[in-house]
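Visitor: Here is the input, now give the coordinates:
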Amino acid sequence: MSWDLFLSLLLACALLYLGLLLVYFVRADGDLTLLWAEWQGRRPEWELSDMVVWVTGASSGIGEELVYQLSKLGTSLVLSSRKVNELERVKNKCLEISNLKEKDILVLPLDLTDRNSHEAATKRVLQQFGQIDILVNNGGRSQRSLFEETDLDVYKEIMEINFMGTISLTKCVLPHMIERKQGKIVTMSSLMGLAAAPLGSGYCASKHALHGFFNSLRSELVMYPEITVTNICPGPVQSNIVQNAFTEKVSKKVENPGNQHYKMATSRCVRLMLVSMANDLKEVWISEQPYLFFFYIWQYAPTWAWWLTNKLGHRRIENFKSGLDADSSYFRPMKKKSN
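Guide: Numbering: from 1, shown residues only. I've put the predicted structure just below:
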C-alpha cells in the first residue's frame, strides 16, 4: 500500500468517525459521561436492588415515575410528599407492578418547609428499615412570573422548599450515612441551576444554591469515599412542574400550564437518573436537543449563550404576557418522545 493511499484511508476513517460522533451528539439526550455510563457502566438492575431509597416529591411527576422504576428493581421505598392520598395511590401501583410487599414500602407524609419534623421522619425510616441507602431530594416547586411583579414572599417560599427544606432533610440523614460510611445523596437540580431563564428568577436562584451547597458538601465528604453526592440537572421533562409552579403571588396558580408533549418523556429521564445513581456520577445533564447543545454553549461560550438567551427570552416573555405557555416556542425540539 502506498503512503498516499494509506493517508487517504486514514483521513476517510477520521471523517467517518467524526461524522458518527456528530450524529451521536445530535441524537444525545444526556451529557457524554452519562451516556457512556449507560452504554458501558454499571447497570441499575445490578447496583440498586435490595437498597432502601427515600424519595421526596414522590406523589407526581419525576418522583412518581422514579419510585415505579425503583419498585421494579426490588428496592425498598420511602415515599414522601404532602399529599397523603396521592402517596397511597402511588404505593398501590408499586405493589401492582412489582414483587414488593406492604412491608417494603413506607408512606411517610412530609412537608419540606416544616424543618422541625425532619428528624422525626428520619427516625421513622430507620425504625422501619434500619438503614437509608439513597436519599433522593426530589421535592420542590418551580416558578412562572416576572420579578418586577412578584411578591418577595414567593421567593421566601421557593427558598424554603427547594433549598432550606432539602438541606435540612439531608442534614438529618447524613449522620446515619457517615456512621455506616456509605450512602448516596441524589438531588434534583435543573439545567436552570447552571444557567438562567426569564420568569424563573427565584427557581433559578434556589437551584444555583443547591448546586453550590452540594458541591461543597461533596468536597467535605472526601474522607468518606463510599458516600456519593449526585446533582441531577434535567431540562424540560413531562411532569406537573409548570402546573404546580409559583406565580407572582404565593396563593395564585398558573393559569395556562400549556402542552407538555414536546418535553422529554418522564420515563426516559428517570432511567438516566438510575444510571447516574448506579454509577455514582457527580453531576449529570439530562435533556434532548437543542436544549442540551444550548447548555454546552453556556459551559464553553457564556457570552454567546447570553446573546442567545436574550433573543429567546424576549419571545418567552411575550408568550407569557399573551397568556400562552411560556415555553411553547422557546425552542423547537429536534425530536419528540411519548410516555
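Visitor: what's V173 in contact with, if anything?
Guide: With contact set as Cβ atoms under 8 Å, 6 or more residues apart in numbering, V173 has these partners: 54, 122, 132, 135, 183, 185. In short, each C-beta sits where N, CA and C put it, glycine included.
Visitor: Buried ones only from those, please, as a ChimeraX command.
Guide: Buried subset of the contacts of V173, written as a ChimeraX selection, criterion 16 or more other Cβ atoms under 10 Å:
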select :54,122,132,135,183,185
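Visitor: Out of the contacts of V173, name the ones that lie in strands.
Guide: 54, 135, 183, 185 (DSSP state E).
Visitor: is it possible to export those residues to CSV including pLDDT and distance to Y300?
Guide: Putting the ones in strands among the contacts of V173 into CSV (pLDDT from 0 to 100; distance: Cβ to Cβ, whole Å) gives the following:
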residue, pLDDT, distance to Y300
W54, 98, 36
L135, 98, 32
G183, 98, 33
I185, 98, 28
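Visitor: which secondary element of the protein has the worst mean pLDDT?
Guide: Averaged element by element with mean pLDDT, DSSP states H and E, the chain has its least confident helix or strand at helix 3-26 (a mean of 72).
Visitor: any idea how far A196 is from A205?
Guide: Distance of A205 to A196, given as Cβ to Cβ, to the nearest Å: 9 Å.
Visitor: where exactly do the helices run in the stretch 151-300 of the chain?
Guide: With helices called from DSSP state H, counting those that start in this stretch, the stretch 151-300 of the chain shows them at 152-158, 165-180, 201-220, 266-278, 291-300.
Visitor: where in the protein is pLDDT low?
Guide: Within the chain, the stretches with pLDDT under 70 are 1, 6, 17, 20-25, 258, 324-339.
Visitor: And the residue nearest the centre of it?
Guide: Residue closest to the average C-alpha location in the chain (Cα atoms, centre = their mean): M188, at 3.7 Å.
Visitor: That residue reaches L135, doesn't it?
Guide: No - with contact defined as Cβ atoms under 8 Å, M188 does not reach L135; the gap is 11.3 Å.
Visitor: right, so the helices of the stretch 151-300 of the chain: which one is the most enclosed?
Guide: Of all these, helix 266-278 has the most neighbours on average by mean count of other Cβ atoms under 10 Å, namely a mean of 23.
Visitor: Any chance you could list what contacts it?
Guide: 29-30, 34, 37-38, 41-44, 46-48, 61-62, 65-66, 69-70, 73, 134, 184, 186, 230, 232, 234, 237-239, 281, 284, 286, 337, 339.
Visitor: 6 Å instead, please
Guide: Here helix 266-278 makes contact (Cβ atoms under 6 Å, 6 or more residues apart in numbering) with 30, 37-38, 42, 44, 47-48, 62, 65-66, 69, 186, 230, 232, 234, 237-238, 284, 286.
Visitor: And those residues, which of them are buried?
Guide: 30, 37-38, 44, 47-48, 62, 65-66, 69, 186, 230, 232, 234, 237-238, 284, 286.
Visitor: Inside strands: which ones of the residues you listed?
Guide: In this view, these that belong to strands under DSSP E are 186, 230, 232, 234, 284, 286.
Visitor: roughly how far apart are E65 and N116?
Guide: Using Cβ to Cβ, one gets 30 Å for the distance from E65 to N116.
Visitor: again but with I134, I slipped
Guide: 24 Å.
Visitor: Compare those two (neighbour count), which wins?
Guide: With neighbours defined as other Cβ atoms under 10 Å, I134 and N116 compare such that I134 has more, 22 against 7.
Visitor: Could you check how many residues crowd around S145?
Guide: Using other Cβ under 10 Å, S145 has 23 other residues around it.
Visitor: contacting residues for it?
Guide: S145 makes contacts with 247-248, as judged by Cβ under 6 Å, 6+ apart.
Visitor: In contact with I62, which residues?
Guide: Per Cβ under 6 Å, 6+ apart, neighbours of I62: 239, 266.
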